[in-house]
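> The sequence isn't on hand, but the structure is:
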Ligand code: SF4
Ligand code: SF4
């Protein structure tokens with residue numbers, strides 16, 4: 001496949017210097033990077049004890065883990081996030097965030113400031129009444145973790161009887177209030193062969209997205225046997241075909257697997273998925289994404305336990321802009337091992353958390369990638385740049401008032417990108433006016449054909465939020481409201 005597309009590579013190579021990550025090489029500055037997605041572990045408390053929890057949440061140490069940010073401190077943090085990135089996607093997670101009594105207040109406060117608030121939960125506490133409160137608090141989407149279609153296997157992962165039944169009931173509760181949801185599954189040895197069936201199941205349940213998380217060896221996940229790099233590669237190679245079968249209905253995303261960019265490239269150098277990943281290029285940690293721990297420590301990614309600063313001593317903006325950890329992660333020229341000379345370092349960059357978990361060095365190579373650099377000539381590969389997050393919307397066609405209203409409801413940082421995509425779709429199909437029907441049509445065609453989406457997921461990163469969250473790649477809210 002790769003060889004047959006050699007001709008297309010000419011147009012793809014040599015655009016690297018214009019990409020965000022690469023342009024940052026050497027300057028060490030935090031600008032123009034924006035924290036478009038913030039994954040916030042609000043609490044260590046959890047009612048489950050999942051084997052793969054990256055935060056090592058719940059369990060007997062609950063009472064020993066004081067020092068979580070107060071409600072007032074959370075409000076202050078919301079203001080500071082808004083100051084850095086108005087309209088950012090805020091993933092509220094845990095532990096189990098529904099165990100925090102002020103969750104609804106924090107969500108409402110953030111939504112009122114214009115942040116796009118979504119929730120990552122194990123779902124076991126999510127009744128219809130809770131779902132209604134989430135809607136009233138301005139929550140725009142919810143991610144529920146389902147690790148197996150076999151209830152016994154799921155419950156065994158989570159050390160709780162009937163956890164599966166409660167989580168699946170939560171999907172019904174969310175449907176009853178029309179709150180968009182996604183299903184998130186951590187790929188492990190035990191459920192590896194189940195993935196195609198989980199894809200079918202999620203689609204049948206009405207999920208908009210299925211996030212497949214590739215285990216990062218951190219927290220309790222560090223002690224879990226996992227699938228081999230070769231098995232991960234084989235699964236990634238199957239995803240484009242699985243996605244194609246569900247185009248327009250379900251978006252399947254690979255999380256904590258930035259080398260999926262390489263796989264996509266090898267399948268089709270022209271896929272829109274590569275272009276929508278511009279700016280961060282693969283791993284979004286510290287360039288578009290970061291995490292906040294319950295005690296106020298800011299980390300580049302929830303799966304990367306390297307503290308960039310504390311909200312008790314600095315503002316969110318100071319940490320985001322000035323932290324040496326954040327600045328180093330923005331310089332892909334510093335990457336070591338195979339990731340350093342790799343042609344895909346701008347498109348991918350490797351999972352920094354996995355590198356850290358395996359070696360203790362967050363700039364080392366991602367050991368779960370099987371690629372040996374050199375197959376594409378040793379130069380840096382990239383796709384022609386295209387504006388993505390943060391571009392202002394430009395309406396060049398006629399939009400009906402209803403379509404305008406829909407566009408206005410799209411999260412600010414992706415609105416420009418969505419408007420551009422809808423207008424391009426309208427142009428190609430000969431429409432001079434954009435209506436809600438056309439937006440829905442474009443959404444089905446464009447989103448459904450994107451095998452992976454960037455840092456808007458629920459959560460942004462690896463294992464789903466209830467064990468702690470993940471690196472964000474796709475907002476149900478963004479999907480619901482836009483194309
Ligand atoms: S070697 Fe590193 S940069 Fe290259 S594809 Fe693999 S993970 Fe990505
Ligand atoms: S889990 Fe974190 S470090 Fe790994 S690819 Fe995702 S954002 Fe990057």
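It's in. Keep in mind that what you see is a predicted model, and the values were worked out from it rather than measured. Ligands and ions are numbered 1, 2, ... in the order given.
> Flag the shaky bits of the stretch 251-400 of the chain, pLDDT-wise.
270-281, 382-390 (pLDDT under 70).
> Was I right to think residue 132 contacts residue 174?
No - with contact defined as C-beta atoms under 8 Å, residue 132 does not count as touching residue 174 (10.4 Å). (Glycine included, C-beta is placed from N, CA and C.)
> neighbour count winner among these two?
More neighbours surround residue 174 than the other of residue 132 and residue 174, with 26 against 14 (other C-beta atoms under 10 Å).
> Give the buried residues for the helix or strand where residue 320 lies.
Here residue 320 sits within helix 316-322, counting by DSSP states H and E. Along helix 316-322, the positions that meet the burial threshold by neighbour count (16 or more other C-beta atoms under 10 Å) are 316, 318, 319, 320, 321.
> How much space separates the residue nearest to residue 296 when sequence neighbours are not counted from ligand 2?
Once flanking residues are discounted, residue 296 sits nearest to residue 311: 3.7 Å by C-beta to C-beta, 6 or more residues apart in numbering. Residue 311 sits at a distance of 20 Å from ligand 2 (criterion: C-beta to the nearest ligand atom, to the nearest Å).
> So residue 311 is in contact with residue 78, correct?
No - assessed by C-beta under 8 Å, residue 311 is found out of contact with residue 78, at 11.2 Å.
> between the two, who's got more neighbours?
residue 78 (24 against 21).
> For that one, grab phi and psi.
Phi and psi for residue 78, reported as degrees, to the nearest 10, are phi -60, psi -50.
> And what about the nearest residue to it once chain neighbours are set aside, helix, strand or coil?
If you skip the residues right next to it in sequence, residue 78 has residue 110 as its closest partner in space, 4.7 Å away by C-beta to C-beta, 6+ apart. Assigned by DSSP: H, G, I helix; E, B strand; the rest coil, the conformation of residue 110 is helix.
> thinking residue 110 is in contact with residue 88, fair?
No - contact criterion C-beta under 8 Å: residue 110 and residue 88 do not qualify, at 9.2 Å.
> so what sits against both of the two?
Taking C-beta atoms under 8 Å, 6 or more residues apart in numbering as the criterion, residue 110 and residue 88 both touch 81, 82.
> Could I get the full set of helices for the stretch 151-300 of the chain?
Secondary structure of the stretch 151-300 of the chain by DSSP state H, counting those that start in this stretch: the helices cover 151-158, 163-176, 195-204, 229-245, 260-267, 272-275.
> Any chance of TSV for the ones you listed, columns distance to ligand 2?
Supplementary listing: those in TSV, determined by distance: least, C-beta to the nearest ligand atom, whole Å:
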stretch	distance to ligand 2
helix 151-158	19
helix 163-176	22
helix 195-204	19
helix 229-245	13
helix 260-267	10
helix 272-275	15
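> Tell me which of these lies nearest to residue 211.
Comparison of the helices of the stretch 151-300 of the chain against residue 211 by C-beta to C-beta identifies helix 195-204 as nearest, at 9.6 Å.
> Give me the angle between that closest one and helix 229-245.
Angular relation of helix 195-204 and helix 229-245 on a 0 to 180 degree scale: 30 degrees, by axes from the mean of the first three to the mean of the last three C-alpha atoms, to 10 degrees.
> Residues touching helix 195-204, excluding its own?
146, 148-149, 183, 185, 187, 191, 210, 212, 235, 238, 242, 246, 249-250, 252.
> ok, now how distant is residue 168 from residue 175?
Going from residue 168 to residue 175 by C-beta to C-beta, to the nearest Å gives 11 Å.
> which of these two has more neighbours?
Set side by side, residue 168 and residue 175 give different neighbour counts by other C-beta under 10 Å, the larger being at residue 168 (18 against 15).
> which residues sit in contact with that one?
So residue 168 contacts 123, 146 (C-beta under 8 Å, 6+ apart).
> who in this structure is up against ligand 1?
For the chain, the residues in contact with ligand 1 under the definition C-beta under 6 Å from any ligand atom are 259, 262, 338-339, 342, 344-345, 348-350, 365-366, 369, 371, 373.
> Following the chain past the helix holding residue 320, name the next helix or strand.
helix 324-329.
> Check which helices and strands the next helix-or-strand element following that following helix sits against.
Proceeding C-terminally, helix 324-329 gives way to helix 352-359 as the next helix or strand, assigned by DSSP H and E. Helix 352-359 makes packing contacts with no helix or strand when contacts are defined by 3 or more C-beta pairs under 8 Å, 6 or more residues apart in numbering; DSSP states H and E.
> counting contacts, what elements does the next helix or strand after helix 352-359 pack onto?
Downstream of helix 352-359, the next assigned helix or strand under DSSP H and E is strand 398-399. Strand 398-399 makes packing contacts with strand 433-434 when contacts are defined by 3+ C-beta pairs under 8 Å, 6+ apart.
> so after the strand it packs on, what's the next helix or strand?
For strand 433-434, the following helix or strand on the C-terminal side (DSSP H and E) is helix 436-446.
> Please tell me how far residue 215 sits from ligand 1.
Looking at residue 215 against ligand 1, where the rule is C-beta to the nearest ligand atom, the gap reads 15 Å.
> right, and that residue touches residue 228 too?
No - with contact defined as C-beta under 8 Å, residue 215 does not reach residue 228; the gap is 11.5 Å.
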